[in-house]
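In: next one to model:
(2 chains)
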Amino acid sequence: MPNQATERDEHYKALRRSIFITVVLVSLIPLLVFGGAIRYAFQTSYTEKVQAYLETLVKKHAQNIDTFLMERQANMASLAAAYSFEQLSDSAFLEQQLVRFQNAYGQVVTDLGVIAADGRQVSYAGPFQLAQADYAEAEWFQHAIQTDTYTSDVFMGLRGLPHFIVSVRSTASGTPWLLRATVDFLAFNDLVESIHIGQTGMAFILNRKGELQTQTKRPLSDLRHYSTIFEDRTHQADEILFGNREDAAGRDTIYVARLLKGGQWALIYQQDERDAYRDLYQARRVALVTLILGGLAIVTMAVLVARRTVERISRADQEKEVMNQQVIESGHMASLGELAAGIAHEINNPVAIMVEEAGWIEDLLEEEEFKASQNLEEFTRSLQQIRKQGIRCRDITHKLLSFARRSDSRVGLVDLNELINEVVGLSVQQARYNNIAFDLDLTPDLPAVQVSQTELQQVLFNLINNAIDAMEKQGGSIGIRSWLEKDQIQFEIRDDGPGIPEVNLNRIFEPFFTTKAVGKGTGLGLSICYGIVKKMGGDISVESAVGKGTRFLISIPAHLPEPEPTDRAAN
Amino acid sequence: MTVATLLLVDDETAFLDAMTKRLTRRDFKVLTASSGMDALEIMSESSEKIEVIILDVKMPGMDGIEVLSEIKRKYPLVEVVMLTGHATVASAIDGMKQGAYDYLMKPCDMDTLVAKVSAAAGKKRQHEQKIIEARIKEITSRRT
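Out: Residues are numbered from 1 along each chain as shown, chains lettered A, B, ... in the order given. Below is the predicted model of the structure:
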C-alpha cells in the first residue's frame, strides 16, 4: 500500500509537471513571438522616425550656416567691388562701412580690415588695436591671398579670442590685396548651439583637423572618430551621414553629420542613444514589465491549472477506484449469493430428511406399544428438539437465501428495522465469538425508506463489522438505535471500543484510509458507506472519543405517504 | 379409507422413504419417483389414480419446473405442490405460472403439508365433479 501510494504520488507529480510545462509553453511562446515581432516593428519604425527628424534638422541648420558664411563672403565681395583699395585704405571710410554693415546685419561682423599683399594691415575698423598689424606670417593670410574668397578656421589670433575670418581678394594696379571681416564668434556659435534636443543632444562644428569650431555645453572627448566623416569621399557634399559611436564614458551615442564650407567643416549633431530613443526605451521598459507580469500571471495560472486538473484527475481516479471496488464487492456478493443458495439447498435436503425421520418416529410413538414406555416423554421431547433445531437450520438457510437474493442495487421500499434485525441475525454469531453483545432499541412502526436494500444492508454490515473488529480483543456491546426525526429516519451504531484518535477522525471517510493491519482492510469500507448514504440523499457522521467508543449516525429521508389533496378530504 | 393418492417426486430416496411412511400413516396412498423422468413414466401408467403430485424443484436431469410443465401439458387436472430446499421467489413464481397449486419449503411441517395436499386433492375432485356434471348436462340436453 505505501508503495502504491508513493507511485501514485509520483505519477500525479509528473502529471502536474507536464501540465505546468505545457500550459507555460503554449502560453508564453506566442506571447514572446508576438512581443518580439511588435518590439522589432516598433523599434524599426521609431528609430527611422528619429533618424529622419534629426537628418532634417541637421540638413536645415547646415544650410543656414552655409548660407550665413556665403552671405558674409558676398558682403565682403560687394564691398571690395564697390570701393577702391585707396578708399578702403582710409580707416575712417572703413569705419563708416563697418557701421553701415552692422546697422544692416547686426553685430555679426566684429571688425573690418584691408591688408596689402605683404601682409600689412593698411586700414582697420573695429574695437581692437590692430592697426598696422602684420599678418604676413599668419596661416590664414597665406591661404587667403591665394584664393578669391576664403573663410578661415576658428583661431585665437593677435586678439587672443576665438574668431574666424571671411576674406575676399581683389587687385589694385596688378597687386593683390585683401578685404577681411572678423565674424562674431558668439553670434555664429548661437547658430549652431540652437540645435539642442533632450538632455544630451548638442551640435558643434569640426574642421578637418578634428578641432572644434564652436563651443559646446559639455566637454567633448575623442573627436578623432569624426575624422572619418572627412575621409569618406564617396558621399556628396550635402549628404547626411548617420552613425553610432561609443563616447569616452562608454555611452552609446548616435551622430548626424553634414559637411560645410566646401567640405572643410562638418556640422555634427550628437546625442546619447538612450536620450535620443528615450520614448523607445520607455516603451521597452513598459513592455518588459508587462511581459514579466504576464509571464508571472501565466506561471501562476499554470501552477493553479496544473494543481486543479491533477486534483480533479486524482479525485476521478479515486472515485473510479471506489467504483471498481464496489463492482468487485458486488461480484463477491453475487458469488456469495450463489454459494449461499447452493449451500442452503444442500443443507435443507438432509435437514428435511432428519426432520421427517424424527417425525416418523413421533408417528410411531403414537402406537399403543410405545405409549407404556417410561421414556415416552423424553423421546417426545428429544424428537421435538430435533424438529425445532431442524426448523432453526431452515431459518438460517432462508436468511442466507434472502441475503443472496438481494445482490442488486434496485431501489425499493425497505423496512429499516427488519433489515437491522436481519443483519444483526447474521452477525450475532461472529459477535458472540468475540464476546460482544447487541443492544437494539428500534422504534416500532417507522416509515419505510426508498433505497436499495442491498446497499443499505452493505452499510449496516460494514459498520457492524467495523465495530466488531474494533472490539475483537476486549469484547463489549454494540448498540443500534433507530428513530424518526422530522422527515428523516435516523439510526446509530455505537460501540464501546477503543475509539478513533482525533487526527484520524476527519479522514475516515476518505478512500484507502485504514488503520487496520496491512492486508486486513482496503480502506474502502467507510468511503463506500459514505458514497451509498450520500447517494440515498442521506448523511453519515461520526463521533468518537479515545477509550470510550465510537458512534456513527446515519440519516436517510423517510418515504412518507403524500398528504391527500384538500378537496378530496373535503369530499 | 384413502384420503388421496399422491405421487412424491424427489431425488433424495431417504426423504422419499420417510415421507412415504408418514403420509401412508395419514391414510394417503403414496407412489414415489426419484427423478423427473420416473415421475412422467408413472404418470403415463396410472394417471387416473394420482390426484396430487408433491414435486421437488431441484433435481438432477429434468428439474421440477420442467416436470411440472410437462405434467400440466399432459394431465391438466392433476394438482401439483412444489416442495424445495431452494426457496427462491423466482422459482416460486415460475412454479405458480406453470399452474402449481402451492409451494412449500423444506423442511416443512407435516400438518401444513397434509392440509395443503388435502386441499389440492379436494380441488381436483371438485374440478372433476364439475366436468362430470357438465358432461351429464350435455348428454341429457342432447337426449331431450
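In: got the buried residues for the helix or strand hosting residue A:526?
Out: Per DSSP states H and E, residue A:526 falls inside helix A:525-535. In terms of neighbour count (16 or more other Cβ atoms under 10 Å in any protein chain shown), helix A:525-535 has its buried residues at A:525, A:526, A:527, A:528, A:529, A:530, A:531, A:532, A:533. In this view, the C-beta of every residue, glycine as well, is placed from N, C-alpha and C.
In: buried ones in stretch A:291-298?
Out: Under the neighbour-count criterion of 16+ other Cβ under 10 Å, stretch A:291-298 has A:291, A:294, A:298 buried.
In: can I get that stretch in CSV? Just the C-alpha atoms.
Out: Extracted in CSV, the C-alpha atoms of stretch A:291-298 (Å, rounded to 0.1, in the frame of the first residue of the first chain):
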residue,chain,number,x,y,z
LEU,A,291,5.9,40.8,-20.2
ILE,A,292,7.3,39.9,-16.7
LEU,A,293,3.9,40.5,-15.1
GLY,A,294,2.2,38.5,-17.9
GLY,A,295,4.8,35.7,-17.5
LEU,A,296,4.2,35.7,-13.8
ALA,A,297,0.5,35.5,-14.3
ILE,A,298,0.9,32.7,-16.8
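In: any idea of the mean pLDDT in that stretch?
Out: For stretch A:291-298, the mean pLDDT works out to 90.
In: touching it from outside, list them.
Out: For stretch A:291-298, contacts defined as Cβ atoms under 8 Å, 6 or more residues apart in numbering or on different chains pick out A:23, A:24, A:27, A:28, A:31, A:32, A:35.
In: go again with 7 Å.
Out: Under the contact criterion Cβ atoms under 7 Å, 6 or more residues apart in numbering or on different chains, stretch A:291-298 has outside partners A:24, A:27, A:28, A:31, A:35.
In: can you say which of those are buried?
Out: Buried by 16+ other Cβ under 10 Å: A:24, A:27, A:28, A:35, out of the contacts of stretch A:291-298.
In: so the third one versus chain B, what's the distance?
Out: To tie it back to what came earlier, the one meant is residue A:28. Look at residue A:28 and chain B: by Cβ to the nearest Cβ, to the nearest Å, they are 65 Å apart.
In: list the contacts for that residue?
Out: Residue A:28 touches A:295, A:298, counting by Cβ under 7 Å, 6+ apart.
In: the helix or strand hosting it - what's its average pLDDT?
Out: Using DSSP H and E, residue A:28 falls within helix A:2-82. Throughout helix A:2-82, pLDDT has a mean value of 88.
In: following element in sequence after that helix, please.
Out: Per DSSP H and E, the first helix or strand lying C-terminal to helix A:2-82 is helix A:85-88.
In: just how off-centre is that following helix within its chain?
Out: 87 Å (Cα atoms, centre = their mean, to the nearest Å).
In: for stretch A:178-185, same thing?
Out: The chain centroid and the centroid of stretch A:178-185 are separated by 71 Å under Cα atoms, centre = their mean.
In: so what touches it?
Out: A:72, A:76, A:79-80, A:88, A:107-115, A:126, A:144-145, A:154, A:162-170.
In: okay if I get the buried ones among the contacts of stretch A:291-298 as CSV plus distance to residue A:272?
Out: Rendered in CSV, the data for the buried ones among the contacts of stretch A:291-298 read as follows (distance: Cβ to Cβ, whole Å):
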residue, distance to residue A:272
A:24, 38
A:27, 37
A:28, 33
A:35, 26
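In: need the contact list for the residue most central in space within chain B.
Out: Chain B has residue B:53 as the residue nearest its centroid, 1.8 Å off, counting by Cα atoms, centre = their mean. For residue B:53, the contacting residues are B:7, B:9, B:71, B:78, B:80, by Cβ under 7 Å, 6+ apart.
In: with adjacent residues omitted, what lies nearest to whichever residue of the stretch 51-200 of chain A sits closest to chain B?
Out: Using Cβ to the nearest Cβ, the point where the stretch 51-200 of chain A gets nearest to chain B is residue A:51, with a distance of 96.4 Å. In space, residue A:51 comes closest to residue A:242 once its chain neighbours are excluded; the distance is 5.8 Å by Cβ to Cβ, 6 or more residues apart in numbering or on different chains.
In: the one you found belongs to a helix?
Out: No - going by DSSP: H, G, I helix; E, B strand; the rest coil, the assignment for residue A:242 is strand, not a helix.
In: how far away is it from residue A:50?
Out: For residue A:242, the distance to residue A:50 equals 10 Å [Cβ to Cβ, to the nearest Å].
In: more neighbours, those two?
Out: Using other Cβ atoms under 10 Å in any protein chain shown, the more surrounded residue of residue A:242 and residue A:50 is residue A:50, with 20 against 13.
In: would you mark the buried spots in stretch A:142-152?
Out: Using 16+ other Cβ under 10 Å as the test for burial, stretch A:142-152 gives A:144, A:145, A:149, A:150, A:151, A:152.
In: thought residue A:540 was touching residue A:533?
Out: Yes - here residue A:540 lies in contact with residue A:533, judged by Cβ atoms under 7 Å, at a distance of 4.4 Å.
In: shared neighbours, these two?
Out: Common contact partners of residue A:540 and residue A:533 (Cβ under 7 Å, 6+ apart): residue A:554.
In: ok, back up a step: any chance of the buried residues of helix A:525-535 in CSV, plus distance to residue A:476 and pLDDT?
Out: Converted to CSV, the buried residues of helix A:525-535 look like this (distance: Cβ to Cβ, whole Å; pLDDT from 0 to 100):
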residue, distance to residue A:476, pLDDT
A:525, 20, 74
A:526, 20, 81
A:527, 25, 77
A:528, 25, 76
A:529, 21, 83
A:530, 24, 84
A:531, 28, 80
A:532, 26, 83
A:533, 25, 88
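In: which two of these have the greatest separation?
Out: Using Cβ to Cβ, the buried residues of helix A:525-535 span at most 12.7 Å, a distance reached by A:525 and A:533.
In: quick check, nearest of the contacts of residue B:53 to chain A?
Out: Taking those together and measuring to chain A by Cβ to the nearest Cβ, the closest member is residue B:9, at 13.7 Å.
In: OK, contacts around residue B:50?
Out: By Cβ under 7 Å, 6+ apart, the contact list for residue B:50 reads B:5, B:7, B:31, B:43, B:78.
In: so which of these also contact chain A?
Out: Applying Cβ under 7 Å from any Cβ of the partner chain, the subset of the contacts of residue B:50 adjacent to chain A is empty.
In: keep only those of those residues that are in strands.
Out: In strands, judged by DSSP state E, the following of the contacts of residue B:50 are found: B:5, B:7, B:31.
In: residue in chain B with the shortest distance to chain A?
Out: Here chain B gets closest to chain A at one residue, residue B:85, 2.8 Å apart by Cβ to the nearest Cβ.
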